[in-house]
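S.K.: The following comprises the amino acid sequence and a computationally predicted model.
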Amino acid sequence: MTRKWLWIILSALFILEGTLLQWMIPEAWRSKVYVAPHFILVIVLYIGLYINRHTALVYGLIFGLLQDILYSSPMLGPLSFSMGLAGYLAGLTHRRLYSNIIVSMMVIAVGNLFFEWLLYGLYRLFQTTHLDLQWAFFHQMLPSMLINLLFALAVYVPVRKLFESMNSGVSASEE
């Protein structure tokens, strides 16, 4: 039952990222910085932290590929690869570190910056962007990471309760 909720939440965030959230960013910000809300990535990182890395990899690949196909990516696959790898790497900390809010926010911030950096690197490698790394870091990666970190902080408690109930349901059924 809770896996259905996860699909519903990720699908709703997928629709919101492409429609309403683009209009909610103030016009003054658009001329100076590029803020990209990657709320699906935040949930994928939470999946890696609280469920496991393989599940995060699958959700990252699926929803990243959907974003590649539907939201005007210049290539097919970089969002999928970056989101899946970021979720998998966040899952490597699963049960290795004491999971509290500080560790979770640090993993999400580093995972988000890794996602943005990897996406920039892939676009730069295949010459679809010609931005300088310093400009891209300060005007794209850092503002996007901060917006996504605010979202991660806002949904921390409900997401953690949902994932802990999923884990307790799995462990109870295994016994």
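M.R.: Structure received. Numbers count the residues shown, from 1 in each chain.

S.K.: got the CA coordinates for the stretch of helix or strand Glu17 belongs to in CSV?
M.R.: Using DSSP states H and E, Glu17 falls within helix 2-18. Only the C-alpha atoms of helix 2-18 are listed here, as CSV (Å, rounded to 0.1, in the frame of the first residue of the first chain):
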residue,chain,number,x,y,z
THR,A,2,2.7,2.5,0.9
ARG,A,3,4.6,1.8,-2.4
LYS,A,4,1.5,3.0,-4.2
TRP,A,5,1.7,6.3,-2.2
LEU,A,6,5.3,6.6,-3.3
TRP,A,7,4.4,6.3,-6.9
ILE,A,8,1.5,8.8,-6.4
ILE,A,9,3.8,11.3,-4.7
LEU,A,10,6.5,11.1,-7.3
SER,A,11,4.0,11.4,-10.1
ALA,A,12,2.4,14.4,-8.6
LEU,A,13,5.8,16.0,-8.1
PHE,A,14,6.7,15.2,-11.7
ILE,A,15,3.7,17.0,-12.9
LEU,A,16,4.2,20.0,-10.5
GLU,A,17,7.9,20.4,-11.6
GLY,A,18,7.0,20.8,-15.2
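
S.K.: what are the ranges of the helices in this structure?
M.R.: 2-18, 20-24, 27-32, 39-50, 53-70, 78-91, 101-125, 133-136, 142-154, 156-174 (DSSP state H).

S.K.: With mean pLDDT as new columns, can those be given to me in JSON lines?
M.R.: As requested, the helices of the chain are arranged in JSON lines below (pLDDT from 0 to 100):
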{"stretch": "helix 2-18", "mean pLDDT": "85"}
{"stretch": "helix 20-24", "mean pLDDT": "71"}
{"stretch": "helix 27-32", "mean pLDDT": "71"}
{"stretch": "helix 39-50", "mean pLDDT": "93"}
{"stretch": "helix 53-70", "mean pLDDT": "92"}
{"stretch": "helix 78-91", "mean pLDDT": "93"}
{"stretch": "helix 101-125", "mean pLDDT": "91"}
{"stretch": "helix 133-136", "mean pLDDT": "85"}
{"stretch": "helix 142-154", "mean pLDDT": "92"}
{"stretch": "helix 156-174", "mean pLDDT": "73"}
